[in-house]
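# Sequence first, predicted coordinates after that:
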Amino acid sequence: MTSSVAIPTTLKTNFASTSELQALFDQIAVGSAARDRERILPFAEIGRIREARFGAYRLPVHVGGAGASMRDLFSMVIRLAEADSNIAHILRNHFVFVERFAQRPNSDQQAFWQHKVAEGAIFGLANAERAKAQTGDDSVTRLAPKNGGYLLNGVKFYSTGSLYSDFIIVRAKDQDERQVTVIIPTEREGITLVDDWDAAGQRLTGTGTTRFEDVRVEAAEVILDAEGTAYNLPYASTLPQLFLTAINAGILYAVLRDAKALIRQRSKKAFYHAPAELPREDPLLLKIIGDISAHAFASQSVVLAAADAQDAILAARENGEPAREVAHEGSLQAVKAKILVDALTLQAATSLFDVGGASSTQRSHNLDRHWRNARTVSAHNPGHYKALAIGNLELNDAPLPSVGFF
């Protein structure tokens, strides 16, 4: 379904340094509580991310990226999630797209998308459909031939990031019931992006409805799913799952930051029976801060260990080595990381109110966003199913599920 596309030749160089990216993340952090409280969509902040070309972080240097490893990427994702978990989440589907279709292009079509990423373009996703729960069909969205191209029709939900993106990735079925991936500009006629995501947390991610009504699609914008590529690789969903875990690790660091700020701003003890006059010298509060700090370190460590496993998978595939066992190990590490990090983050987000007392629950502080956001991220694929799979592996040598969102 592909055809030749024109590939620009100009490249941007001098990718932002780690310190420059951190400075950008620090700016983003300043307004994160207010944005979440007032439902202020972060178009301006995503614009800064686009301008810095953070989405090209993993691309090779010679095509305009930073040449970062998976470990480098996940380290930065944790930092961005600490600043604003919504913005880190908005970029999840973008970075997964880069790995599947732009990191190592094997066609003019993919080289074109790689160049767009290098320029700073952001890619969103419209994959899941609510109809699946009733019909069992993975895709009611259809791609039908029309005048040398196609027309796309359907309705998607969970369109995370698409509201802010330059391109949108759509899963559909063609006239022969084959699964295809369509990648088109979000501003194309017939596309409607609806900000109707009403979850308890991650309220600003644009994870809502996308409608496609007779959207024109060119042949070069369609990929026919092939065995052993993209979505069909064994354990293909490990990367997006690990990304969610990195977001929770970042939220844990945000909890640590805000817990310390709550204590430092107090000059008197909150309760007459507290064991110390100064809150920063209260042994109970010191103990809570110490626990949160240790848990943040542990969470970051396991995420980065699982990211190292992703680097090992990529190395095996690039060297033409069998990668299924390596991919299984990568999935296992990501699963274990999720179970640990989700639990520690939710625990820390609750402990934050033990540090601040009743006044810390005031809506103006919006500290409850940390628990709400972590709970929403955790719910994307419940940990008890992950633990079940690990137990079955440990006791019965049953491999982890290799397909689907696991």
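The structure has been received and is ready for your questions. The model shown is predicted, which means the values in this text are computed figures rather than measured ones.
# and L143, what are its bridge partners?
L143 has these beta-bridge partners by DSSP bridges: L152.
# OK, contacts around it?
Y150, L151, L152, A172, K173, D174, Q175, V180, V182, V217, V222 (CB atoms under 8 Å, 6 or more residues apart in numbering). Any C-beta I mention is one placed from the backbone N, CA and C, and that applies to glycine too.
# Tell me how far it lies from F97.
18 Å (CB to CB, to the nearest Å).
# Would you map out the domains in this structure?
For the chain, automatic domain parsing gives the domain ranges 18-122, 132-224, 233-396.
# for V170, helix, strand, or coil?
strand (DSSP: H, G, I helix; E, B strand; the rest coil).
# Quick check: it touching V182?
Yes. In this structure V170 lies within contact range of V182 using CB atoms under 8 Å: 4.3 Å.
# which one of those two has more residues nearby?
Higher neighbour count among V170 and V182: V170, with 28 against 23, using other CB atoms under 10 Å.
# hang on, isn't E20 packed against A52?
Yes. Here E20 reaches A52: they are 7.4 Å apart, a contact under CB under 8 Å.
# Neighbour count for those two, which is higher?
Set E20 next to A52 and count neighbours by other CB under 10 Å: A52 wins out with 18 against 11.
# Give me the neighbour count for the nearest residue to the more buried one once chain neighbours are set aside.
Using CB to CB, 6 or more residues apart in numbering and skipping residues adjacent in sequence, the residue nearest A52 is A16, 5.1 Å away. Residues lying near A16 (other CB under 10 Å) number 17.
# joint contacts of V170 and V182?
Joint contacts of V170 and V182 (CB under 8 Å, 6+ apart) are L152.
# Hmm, S301 and A337 touching each other?
No. Assessed by CB under 8 Å, A337 is found out of contact with S301, at 9.3 Å.
# more neighbours, those two?
Taking other CB under 10 Å, A337 and S301 do not tie; A337 has more neighbours (26 against 13).
# Enumerate every residue touching the more buried one.
So A337 contacts L242, T245, V302, V303, A305, A306 (CB under 8 Å, 6+ apart).
# Kindly indicate which of these lies nearest W197.
T245 (20.7 Å; CB to CB).
# I'd say that closest one and A334 touch.
Yes. Contact status for T245 versus A334: in contact at 6.8 Å, counting by CB under 8 Å.
# Mind listing the shared neighbours of these two?
A306.
# quick one: the helices in the stretch 251-400 of the chain?
Assignment of helices within the stretch 251-400 of the chain using DSSP state H, counting those that start in this stretch yields the ranges 283-318, 324-356, 368-378, 383-396.
# and the angle for the shortest one with helix 324-356?
On the basis of axes from the mean of the first three to the mean of the last three CA atoms, to 10 degrees, helix 368-378 is oriented at 160 degrees to helix 324-356.
# Would you mind pulling the contact partners of helix 368-378?
With contact meaning CB under 8 Å, 6+ apart, helix 368-378 is reached by 33, 36-37, 85-86, 89, 199-202, 244, 247-248, 251-252, 254-255, 258, 342, 345-346, 349-350, 352, 361.
# Near P234, how many other residues are there?
Under the criterion other CB under 10 Å, the count of neighbours that P234 has is 18.
# Over to G330?
26.
# List the contacts of it.
By CB under 8 Å, 6+ apart, the neighbours of G330 are Y235, T238, A306, A309, Q310, A312, I313.
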